[in-house]
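> Following is a predicted model, sequence given first.
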Amino acid sequence: MCMQRVEPNLIPAAYWRLVRLAVGMSQVEMAQRLGVSEMSVVHWERGKRCNNGAAERLLLSWIRTDEWRAKLASAKVPLPPVLLPPEVKAAS
C-alpha cells in the first residue's frame with residue numbers, strides 16, 4: 001500500500017501497466033515521457049510506491065486524448081474510474 005501521498009491515487013497500480021502495454025510503450029519509454037526513472041514506473045506498476053501525483057495527472061491527460069482512448073479501447077482496457085461519467089460510476 002502506498003504511504004507517500006496524502007490524497008488517494010486516482011489510478012490503481014495495476015492499471016499503469018495495462019495502459020503502458022496498450023499504447024505500446026516500454027517501462028523505459030513511459031519513464032522518459034513522464035520525466036521519472038524507470039524504477040519509478042516499475043514500483044508504481046507493482047504497487048510498491050505511489051506516484052508523485054504529477055505523473056498521474058500527466059497520464060490522465062494522455063488518456064483523455066482520442067489517440068490514447070482508441071488504443072485503450074482496441075486493447076480492451078477500460079478507462080480508470082476517475083474518468084468515467086458520474087452515471088457510469090454510480091451503476092458500478
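Happy to help now that I have it.

> which residues of the chain score low on pLDDT?
Applying pLDDT under 70 to the chain flags the ranges 1-9, 86-92.

> So which residue is smack in the middle of it?
residue 16 (3.9 Å; Cα atoms, centre = their mean).

> surely that residue meets residue 45?
Yes: shown here, residue 16 and residue 45 form a contact pair, counting by Cβ atoms under 8 Å, at 4.8 Å. Every residue, glycine included, has its C-beta placed from N, CA and C.

> Please give me every residue in contact with the residue nearest to the centre of the chain.
41, 44-45, 51, 59 (Cβ atoms under 8 Å, 6 or more residues apart in numbering).

> Any figure for the gap between it and residue 85?
22 Å (Cβ to Cβ, to the nearest Å).

> still on that earlier bit, out of the contacts of residue 16, who has the most neighbours?
Taking other Cβ atoms under 10 Å as the neighbour criterion, residue 44 ranks highest of those with 30 neighbours.

> helices and strands around the helix or strand hosting that one, which ones?
Using DSSP states H and E, residue 44 sits in helix 38-46. Helix 38-46 is packed against helix 13-22, helix 27-34, with contacts defined by 3 or more Cβ pairs under 8 Å, 6 or more residues apart in numbering; DSSP states H and E.
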